[in-house]
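>>> give me coordinates for this.
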Amino acid sequence: MRKNLTRIGIILIAVLALYYGSTHRSLTSNVVGSTQAKTKNILIVGSTALQPLAERAGSEYEKINKDTSITVQGGGSGAGLTQVQAGSVQIGSSDIFAEQQSGIQAAKLSDHRVAVVGIAPVMNKDVTIKNLAMDQLRKIFTGEVKNWRDLGGPDLAITVVNRASGSGTRTVFEKSVLAGQTALHAQEQDSNGTVQKIVASTPGSISYLSFGYITGANLNTISIDHVKPTQSNVETNKWKIWGYEHMYTHGKAEGETAKFIKYFQSKKIQSGIVKKLGYIPLAGMRVTKNSQGKVSGK
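From the prediction side, this is the model:
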């Protein structure tokens, strides 16, 4: 009798353990599934020119959408377009049109313009020139002019700092300035931030930056053909070195990604942090530019 009771007890314990384990696994699975359902991750990769603005917009969006996580990484416009085409990221950010990037099938991507970026030449503080003709600027970046003395500046060798291949900022600058000529071979840097630091610390150096990165006492900007690099001059195309900041999605933007892009394009963001960080709101533009660089009035 006692043996039978022992067997029954063991069986009951086993059944309870099995039941509890099954219930526990089910509850755990439900909790994990619920958490995953509530977490909405958006990964943005690409343009370093757009990166500070995307980070701020993402942070603001997260405050009012607690279950959304937005991660912004650089790498250059080429990387952004390549990764969004491959489906590796939700958004590929770019300073250029997808049609301008080799290896990209633009028809498979959707273009969402979120701001305009002005780009300007910047020089080390030792270079005190205030104005250059576009042709003079072109000769600097093609290597035809090698000393600032030849342009009315100090007797100082010109050190050109270029952006790396795949940089949208470089594509916009060269398309606007070089008129089809080839840039000289010079040191190349991956980001606006790195260029800013190098030019600020290297006598005789020159490069180009998006407006939002032109800060600090060790940098000088110049006018081109007596036109200053200002927002109002970009809006009318008097300042010709500018481009759109694009957010590309693979196919139509959907779900949380679509909501975030719409938020980015909203009046709140366009009139707020877009202007505050040195970018140019879309609504203020009085001209448009296509992927071939043709500018038309609105």
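>>> which residues does stretch 285-294 contact?
97, 99-100, 116, 175-176, 234-237, 242-244, 295-298 (C-beta atoms under 8 Å, 6 or more residues apart in numbering). To be clear about C-beta, it is placed using only N, CA and C from the backbone, and glycine gets the same treatment.
>>> same deal with stretch 192-210?
Outside of stretch 192-210, the residues within contact range by C-beta under 8 Å, 6+ apart are 48-49, 117-127, 140, 148, 156-163, 169, 173, 189, 213-216, 218-219, 241, 278-279.
>>> end-to-end on it?
7 Å (C-alpha to C-alpha, to the nearest Å).
>>> ok so, going back, just the buried residues from the contacts of stretch 285-294, in PyMOL please.
Remark: buried members of these, expressed as a PyMOL selection using 16 or more other C-beta atoms under 10 Å:
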select buried, resi 97+100+116+175+176+234+235+237+242+243+244
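>>> which helix or which strand is home to Gln85?
Secondary structure assigned from DSSP states H and E places Gln85 in helix 77-86.
>>> actually Ser176, sorry about that
Element membership of Ser176 [criterion: DSSP H and E] is helix 168-177.
>>> and that helix, how far out from the chain's middle?
Taking C-alpha atoms, centre = their mean, to the nearest Å, one finds helix 168-177 lying 15 Å from the centre of the chain it belongs to.
>>> just stretch 274-285 next, same as before
Counting by C-alpha atoms, centre = their mean, stretch 274-285 is centred 15 Å from the centre of its parent chain.
>>> next one: stretch 56-75
Centroid displacement of stretch 56-75 relative to its chain, using C-alpha atoms, centre = their mean, is 14 Å.
>>> in it, what counts as buried?
Arg56, Ala57, Gly58, Glu60, Tyr61, Thr68, Ile70, Val72, Gln73, Gly74, Gly75.
>>> for Asn290, grab the count of nearby residues.
10 (other C-beta atoms under 10 Å).
>>> likewise Met123?
By other C-beta under 10 Å, neighbour count at Met123 equals 26.
>>> ok, what's across the strand from it?
Under DSSP bridges, the beta-bridge partners of Met123 are Ile206, Asn220.
>>> and Lys146, how far is that from His250?
To His250, Lys146 is 45 Å away according to C-beta to C-beta, to the nearest Å.
>>> those two - which one has more neighbours?
More crowded of Lys146 and His250, by other C-beta under 10 Å: His250, with 19 against 14.
>>> can you map out the helices along the stretch 1-150 of the chain?
2-38, 51-64, 77-86, 134-142 (DSSP state H, counting those that start in this stretch).
>>> still on that earlier bit, which parts of the helix holding Gln85 are buried?
Ser77, Gly78, Ala79, Gly80, Leu81, Thr82, Gln83, Val84, Gln85.
>>> tell me the two of these that are most distant?
Spanning the widest gap among the buried residues of helix 77-86 are Ser77 and Gln85, at 12.4 Å by C-beta to C-beta.
>>> returning to that earlier point: lowest-confidence stretch among the helices of the stretch 1-150 of the chain?
Note on those: helix 2-38 shows the lowest mean pLDDT, a mean of 40.
>>> buried residues of the strand or helix carrying Val199, list them for me.
Assigned by DSSP H and E, Val199 falls within helix 192-201. Neighbour-count burial for helix 192-201 flags Asn192, Val195, Gln196, Ile198, Val199, Ala200 (criterion: 16+ other C-beta under 10 Å).
>>> just stretch 161-170 next, same as before
Here stretch 161-170 shows Val161, Asn162, Arg163, Gly166, Ser167, Gly168, Thr169, Arg170 as buried, counting by 16+ other C-beta under 10 Å.
>>> repeat that for stretch 255-263.
By neighbour count on 16+ other C-beta under 10 Å, the buried set for stretch 255-263 is Glu256, Thr257, Lys259, Phe260, Ile261, Tyr263.
>>> likewise for stretch 175-183?
Using 16+ other C-beta under 10 Å as the test for burial, stretch 175-183 gives Lys175, Ser176, Val177, Ala183.
>>> give me the residues contacting it.
Identification of contacts with stretch 175-183 by C-beta under 8 Å, 6+ apart yields Ile119, Met134, Leu137, Arg138, Phe141, Thr142, Asn162, Glu174, Lys240, Ile241, Trp242, Gly293.
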